[in-house]
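Visitor: All I have is the shape, not the residue letters:
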């Protein structure tokens, strides 16, 4: 079973940048793709970005395209989310998760870590 630990959140002004990390332990060669999700206060958790360990194909929700970049370091078993041009509406707790099926129809396995808080001030 894959265990995930998110880090890298913080407080940043609008227009700023942050890089989130998701360290995965217990990963095997056949591990499922990975995704980032976020949950803002009073809202449901939503998909942000996904990536395959092998090949590195990526997929983003429309609201972050061109601003966020998901990447992975296979040697470190770590997935990153580089967030640029941050907006106040990006404020949320960010979580990573292994995904069922395709990155283009991202469904999390549902076992969540503690997440990392991102706060963007205007």
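Guide: Arrived safely, thanks for sending. Worth saying up front: this structure is predicted, and the values here are computed from it rather than measured. Residues are numbered from 1 along each chain as shown.

Visitor: Please report phi then psi for residue 115.
Guide: For residue 115, the backbone dihedrals (degrees, to the nearest 10) come out as phi 70, psi 170.

Visitor: meant to ask about residue 53, not that
Guide: Note on residue 53: backbone dihedrals following degrees, to the nearest 10 are phi -60, psi -40.

Visitor: Need the residue closest to the centroid of this protein.
Guide: residue 36 (2.3 Å; CA atoms, centre = their mean).

Visitor: what number of residues lie near the closest residue to that one other than its chain neighbours?
Guide: Of all residues not flanking residue 36 in the chain, residue 48 sits nearest, at 4.3 Å (CB to CB, 6 or more residues apart in numbering). In this view, the C-beta of every residue, glycine as well, is placed from N, C-alpha and C. The number of residues packed around residue 48, counting by other CB atoms under 10 Å, is 24.

Visitor: what does residue 51 give?
Guide: Residue crowding around residue 51 was assessed by other CB under 10 Å; the count is 23.
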